[in-house]
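Enquirer: Got a sequence here, can you build the structure:
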Amino acid sequence: MDLEFGRGARSPKRDSWKTTLLLAYQSLGVVYGDLSISPLYVYKSTFAEDIQHSETNEEIFGVLSFVFWTLTLIPLIKYVSIVLRADDNGEGGTFALYSLICRHANVSLLPNRQIADEELSTYKLECPPETADKSRIKVWLEKHRKLRVALLIMVMIGTCMVIGDGVLTPAISVFSAVSGLEFSLSKDHREYAVIPITCVILAFLFALQHYGTHRVGFLFAPIVLAWLLCMSALGLYNIIHWNPHIYQALNPSYMFKFLRKTRKYGWMSLGGILLCMTGSEAMFADLGHFSYSAIQLAFTSLVYPALILAYMGQAAYLSKHHDFYSSSQVGFYIAVPDKVRWPVLVLAILASVVGSQAIISGTFSIINQSQSLSCFPRVKVVHTSEKIHGQIYIPEINWLLMILCIAVTVGFRDTKHMGNASGLAVITVMLVTTFLTSLVIVLCWHRPPVLALAFLLFFGSVEVLYFSASLIKFREGAWLPILLALILMAVMLIWHYTTIKKYEFDLHNKVTLEWLLALGDKLGMVRVPGIGLVYTDLTSGVPANFSRFVTNLPAFHQVLVFVCVKSVPVPYVFPAERYLIGHVGPPGHRSYRCIVRYGYRDVHQDVDSFETELVETLATFIKLDASYRCSAASEPELVEAERERRLTVIASNPLRDRASYDLQDSVQHSAASTVEMRAGGESPGAGAATNSAAKQVRFLIDSDVASPETAAAEKQVAEELEALAAAREAGTAFILGHSHVQCKPGSSLLRRLAVDVGYNFLSRNCRGPDVALRVPPASLLEVGMVYVL
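Expert: Below you'll find the model as predicted:
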């Protein structure tokens, strides 16, 4: 795993069978923890109130048939066979699908897009744009902004429901596991034991998040493996001992018999049955940590058979036992023999903790992705492992999830209400995935629209059936994920809308290059020693916050760098392609532009490594730019102004071919630039280099290419490098805008509430841009800005 490239980038070659087996084993603890513990609460939620377990066994046989075919159609056929193939450079999840669609159709609402981003190695298309025929769906999406907004809102809904699932899954999983104590306690002591123990376990689980899971992660796979084998053994025992003919209930005719007998109440009970596929989305969301073949192998060879045996074993036991004093007894532990109940209880609690950990980590990950797309307020992201990429911790979200989980446990106090709430969140995410995958089939895979429509109608109809059954339980717990989703949607929409409007304000109020160059001639303007990093969202022009800074304090640094940290619709960006560097004005002005590109799964660098890399990259750019100026001196069509606005990717090998591209932002910029991109193979000898040396290779300059051809150029490069080194020794200042946003007069009441109240409240109570960018407080200069939107 090469961590220098931002994540474990897989080799294009197919993994060996030994590697696939190892990855399949490791995926048990990360991917299948949530799915494997669903037998703890499926039957209990299904038989909570809507239907009764009768002597005819039609109910239990019908429920088993529904469970079997649901597991077969959704996790096995939909996810394992189809959806897992819709990966984004090996990454999965809602944002991966949205990223794929944004790259194949111009539907992204991110403001600072550049054509240069399309040259990233990870910005690959299924089909070259010039050969791909434009489908009618693509034309509609690109033409109508309302459709693009609706698509983003759908992605936000899926994201909100995943976060809601991060609240509900730990609560129902741990509560269902601990509820096995009911069989060892008297009726009076159950309420005073199960709830407190569940809350203590949840608090302990969230308290450990700060340390990361890499220290105990090696235990996750053995725990889930032992749990799956335990469920299989119990299932086989119950089938052989109680009802060897239970396999007949897998006949789909039992589903129709079940619905015909139970009618409305049978349809309502589907809200409990759908919990059997809880965790299926994790197979897709965690695809980036493993391989498609490993996840497929683990599910088809172990997880799927173990789940089927577990459900069949419970049904076999229940088919011979009907004398329950309460329908809540129709659960997992009733079918566990008394001799092994305590070991199974301990193993179930451990498995529920592992399953809860997976969804908590997934919640952290999807919030980090939302933040990178400007759809979530800034939060502090802590990378808990230096070796394992993707293990992150968000303190604010962690404690908020813990409070909500404990509140759900104490407030609902039973599996029925928790199951209704969790079921609606799960099925909503699946519906969003189905719709986005159907778009991927048309836009990215270039399959006939009929095929995408068939996929949407077939799987969508199954999921809509379950969705309607969950939605009808609104007053019995399903209101909770809807309430959480509405609150999160309001936060995400307000933040995204205001961020876009702030960008448009900056774009409209930016100052010209001529204004910046004229500053040096003004009386009283001073260039102070050091490097000034001016952060901005703009990819061209001089931001208004810098002009305000200079107006109030007539001085700026000897070396000035306009830094734009932006996200691109790819999961990760290779470090060799992260920086776009260019001059702002003539070389003697010592002003540069640096565009730093991150993918939606990348973890931002700490400030020390960023500052060091930036200076090294600037030094490399100065040498390369001088050689390009000399080689282009014979090209009269390349005017000086164009050369000054050139941006260059400082890649690991400067001997690569060059190609020019016009820079266009999504909001049309007045100044077009030329980007010199280099793409090609490795530098000589780099194949044997280690990961630690990869960074050194990036800054090696071949003397035949980088050496200036004239003495004047050589002197100019030496002076520029000396000025950069001296400025580096003097220190670095980080200049950020401290914004206050208000609506312009005459705005509607809704807009004033969203911007003046909502956004300003969020910005005051979330992390500042200095924390998100990891800027040291001692080097921070904040410039006050008022945005009138």
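Enquirer: who touches the helix or strand that contains A96?
Expert: Per DSSP states H and E, A96 falls inside helix 94-104. Helix 94-104 is contacted from outside by 86-88, 107-108, 118, 123, 125-126, 132, 138, 151-152, 155, 158-159, 162, 285, 287, 366, 369-370, 373, 429, 432-433, 436-437, 439-440, 443-444, 569-571, 600, using Cβ atoms under 8 Å, 6 or more residues apart in numbering. Where C-beta positions appear, they are placed from N, C-alpha and C, glycine not excepted.
Enquirer: how about a cut-off of 7 Å?
Expert: Residues from elsewhere that reach helix 94-104 (Cβ atoms under 7 Å, 6 or more residues apart in numbering): 86-88, 107-108, 123, 125, 155, 158-159, 369, 432-433, 436-437, 439-440, 443-444, 569-571, 600.
Enquirer: Drop anything exposed from those.
Expert: 86-88, 107-108, 123, 155, 158-159, 369, 432-433, 436-437, 439-440, 443-444, 569-571, 600 (16 or more other Cβ atoms under 10 Å).
Enquirer: which stretches of the stretch 501-650 of the chain form helices?
Expert: With DSSP state H, counting those that start in this stretch, the ranges of helices along the stretch 501-650 of the chain come out as 513-518, 544-552, 607-631, 640-644.
Enquirer: Just to be sure, G737 is in a strand?
Expert: Yes - under DSSP: H, G, I helix; E, B strand; the rest coil, G737 falls within a strand.
Enquirer: Would you mind naming the residues that bridge with it?
Expert: Going by DSSP bridges, G737 is paired in beta bridges with V783.
Enquirer: I'd like the numbering to begin with 29 instead of 1 from here.
Expert: All right, first residue 29 from here; so that's G765.
Enquirer: That one: how many residues sit nearby?
Expert: 22 (other Cβ atoms under 10 Å).
Enquirer: in the longest helix anywhere in the chain, what's buried?
Expert: In the chain, with assignment by DSSP state H, the single longest helix is helix 173-206. Neighbour-count burial for helix 173-206, counted by 16+ other Cβ under 10 Å, picks out 176, 179-180, 182-206.
Enquirer: cool, and stretch 497-509?
Expert: Neighbour-count burial for stretch 497-509, counted by 16+ other Cβ under 10 Å, picks out 497-501, 504-506, 508-509.
Enquirer: State the pair within the residues you listed that is farthest apart.
Expert: A497 and L508 (16.5 Å; Cβ to Cβ).
Enquirer: hmm, back to that, after the longest helix of the chain, next one along is what?
Expert: Following helix 173-206 in sequence, per DSSP H and E, is helix 215-235.
Enquirer: chain center to that next one: distance?
Expert: 31 Å (Cα atoms, centre = their mean, to the nearest Å).
Enquirer: One more: stretch 365-372?
Expert: Distance, centroid of stretch 365-372 to centroid of chain: 40 Å (Cα atoms, centre = their mean).
Enquirer: Which strand runs longest in this structure?
Expert: In the chain, with assignment by DSSP state E, the single longest strand is strand 583-595.
Enquirer: what helices or strands is that one leaning on?
Expert: If contacts are counted by 3 or more Cβ pairs under 7 Å, 6 or more residues apart in numbering; DSSP states H and E, strand 583-595 sits against strand 554-563, strand 619-626, helix 739-758.
Enquirer: want to throw those into CSV with distance to V578, mean neighbour count and mean pLDDT?
Expert: Shown next, in CSV, are the helices and strands packed on strand 583-595 (distance: least, Cβ to Cβ, whole Å; neighbours: other Cβ atoms under 10 Å; pLDDT from 0 to 100):
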stretch, distance to V578, mean neighbour count, mean pLDDT
strand 554-563, 10, 19, 90
strand 619-626, 12, 23, 90
helix 739-758, 18, 15, 85
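Enquirer: where exactly do the strands run in this structure?
Expert: With DSSP E as the criterion, the chain has strands at 410-411, 420-421, 554-563, 583-595, 607-611, 619-626, 675-677, 685-690, 702-707, 760-770, 808-816.
Enquirer: quick one: which of those is nearest Q237?
Expert: For Q237, the closest of the strands of the chain is strand 420-421, at 5.5 Å, according to Cβ to Cβ.
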